[in-house]
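With the sequence up front, the predicted model follows.
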Amino acid sequence: MYIGYVGGSYFDHSGGAADSLCLPSENPKFIESRTTFYAFIYGAEYQVNEIKDDRASLHDHKVPCAVCTRRGKSTVKMFPAMDDCPGNFSQEYNGTLMAGAYSHPSATQYTCIDKHPEALTGAGHINQNGRLFYTVSAACGSLKCPPYKNNKELACVVCSL
């Protein structure tokens, strides 16, 4: 349907929306407004400098996205802590579970980022913060360990049916 880049609330703001949006990369539409209080939307960046593989090169790069449809598919679901689809689901992609950092006040949603992530082309490599994506690690205690392992990054898979 369209390609774009991820936007969301600023990582250090205590208010704002919890979800991330895929903003269109061309021809955004605006309305005239006379309000005095606003919610803002910022671009998103990968925060992956501590990862010990080739994904670390994406640290502080902007996050691209796409809005898609699948002909004949009525359900698309993200499954955390899995790398294969259950049952009759078909895999769209698998990757790393990411979200905002636990210590940041802005609420975020868990998002499955493709195992071969890309950076937004033409946006450069500048640390401007905004919406930030960190890998999600298991935290033993209220989460049963085993089968989970403390401080281990979780996989994810996006599937359709």
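Received, thanks.

Could you list the low-confidence segments of the chain?
Where the chain drops to pLDDT under 70, the residues are 35, 37.

Would you point out which residue is most central in it?
The centroid of the chain falls nearest to Thr111 when counting by C-alpha atoms, centre = their mean (4.0 Å).

give me the beta-bridge partners of Thr96?
Ile113, Ala155 (DSSP bridges).

Just give the number of residues close to it.
21 (other C-beta atoms under 10 Å). In this view, the C-beta of every residue, glycine as well, is placed from N, C-alpha and C.

So it versus Cys145, what's the distance?
To Cys145, Thr96 is 20 Å away according to C-beta to C-beta, to the nearest Å.

Ok, Arg55 next?
The gap separating Arg55 from Cys145 is 25 Å, by C-beta to C-beta.

Please apply the same query to Gly7.
Using C-beta to C-beta, Gly7 is found at 35 Å from Cys145.

next one: His59
Distance, His59 to Cys145, by C-beta to C-beta: 29 Å.

Pick out whichever of the two has more residues nearby.
Each of His59 and Cys145 has its neighbours counted (other C-beta under 10 Å); His59 has more, 16 against 12.

what's the nearest residue to Asn88 once chain neighbours are set aside in contact with, if anything?
Spatial nearest neighbour of Asn88, excluding adjacent residues (C-beta to C-beta, 6 or more residues apart in numbering): Leu161 at 6.2 Å. Leu161 sits next to 73-75, 77, 88-90 when contact means C-beta atoms under 8 Å, 6 or more residues apart in numbering.

Equivalent analysis for Ala123, please.
Taking C-beta under 8 Å, 6+ apart as the test, what Ala123 contacts is 5, 43, 61-62.

most surrounded residue in these?
Counting neighbours by other C-beta under 10 Å, Lys62 leads these with 24 neighbours.

wait, what's in contact with that one?
Contact partners of Lys62, counting by C-beta under 8 Å, 6+ apart, are 5-6, 43-45, 119-120, 123.

so which of these comes closest to Arg131?
For those, the closest approach to Arg131 (C-beta to C-beta) belongs to Ala44, at 3.8 Å.

The closest one and Tyr5 touch, don't they?
Yes: counting by C-beta atoms under 8 Å, Tyr5 is a contact partner of Ala44 at 7.2 Å.
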